[in-house]
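J.: Got a predicted structure plus its sequence, pasted below:
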Amino acid sequence: MLKKKEILFSKEEIDNAVENIARKVSEEYSGGELLIVGVLKGAFIFMSDLIRKVHGVDIIVDFVILRSYGSSTTSSGEVEVVKDLHGPVEGRDILVVEDIVDTGVTLKFFKDQLLRRGPKSVKICALLDKRARREVEIDVDYVGLLMDDGFVVGYGLDCDENYRNLPEIWVLEEEE
Ligand code: PRP
């Protein structure tokens, strides 16, 4: 198992980033109803913190599991829906919650899928954005923290399923 090297984002930095997104979401959807869709597994901690900081919005939650088959220069066909949404999408305001956007392939695929089901709106929020790695165009409406390339774990993110429980976000040591 690769070892942790150093903390990239502290608990406080993460908390502030989540708070900022929650404030914007509370303003944007004030008085309305919002379907918040978490992309498992990585988003589970971020989503649980985020929804407890959103105020004045009626929130429904749902989850999907998506499996991406690596990066590609084309944007379709590499993502599989392992577990789909439980409830309906039509006519709803939807906020998709991701832990990290890398190439953008996963989110582009999922957003396109959602749009075909007739929602009122679809927006995306991600705690971490590796913008320099983007391969497909996708608007991330709410970004928590920008980062450079590098393998990060903690706060929901894993390395071979390890480290998801760390309260901070860590960079791993590189393989020799
Ligand atoms: C991560 C992340 C996104 C995706 C982003 O999931 O949660 O879903 O990769 O990559 P992309 O922008 O290049 O498509 P991962 O496959 O690690 O699964 P996990 O959430 O279960 O850890």
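T.: Looks like it came in fine.

J.: Would you mind measuring from Val54 to the ligand?
T.: Using C-beta to the nearest ligand atom, to the nearest Å, Val54 is found at 21 Å from the ligand. For every residue, glycine as well, the C-beta is placed using N, CA and C.

J.: what's the answer for Ser10, then?
T.: 21 Å.

J.: In contact with the nearest residue to that residue once chain neighbours are set aside, which residues?
T.: Nearest residue to Ser10, sequence neighbours excluded (C-beta to C-beta, 6 or more residues apart in numbering): Glu168, at 5.6 Å. Contact analysis of Glu168 by C-beta atoms under 8 Å, 6 or more residues apart in numbering lists 7-11, 14, 154-155.

J.: residues from this protein in reach of the ligand?
T.: Residues of the chain lying close to the ligand (C-beta under 6 Å from any ligand atom) are 39, 41-42, 66, 68, 71, 98-106, 158.

J.: From these, which land in strands?
T.: Counting by DSSP state E, the part of those found in strands is 39, 66, 68, 98-101.

J.: Quick one: those residues as JSON lines, columns for pLDDT, distance to Leu115 and neighbour count too.
T.: Shown next, in JSON lines, are these (pLDDT from 0 to 100; distance: C-beta to C-beta, whole Å; neighbours: other C-beta atoms under 10 Å):
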{"residue": "Val39", "pLDDT": "98", "distance to Leu115": "16", "neighbour count": "22"}
{"residue": "Leu66", "pLDDT": "95", "distance to Leu115": "16", "neighbour count": "19"}
{"residue": "Ser68", "pLDDT": "84", "distance to Leu115": "19", "neighbour count": "16"}
{"residue": "Glu98", "pLDDT": "98", "distance to Leu115": "16", "neighbour count": "25"}
{"residue": "Asp99", "pLDDT": "98", "distance to Leu115": "22", "neighbour count": "25"}
{"residue": "Ile100", "pLDDT": "97", "distance to Leu115": "22", "neighbour count": "22"}
{"residue": "Val101", "pLDDT": "96", "distance to Leu115": "17", "neighbour count": "23"}
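
J.: Perfect, I'm done here.
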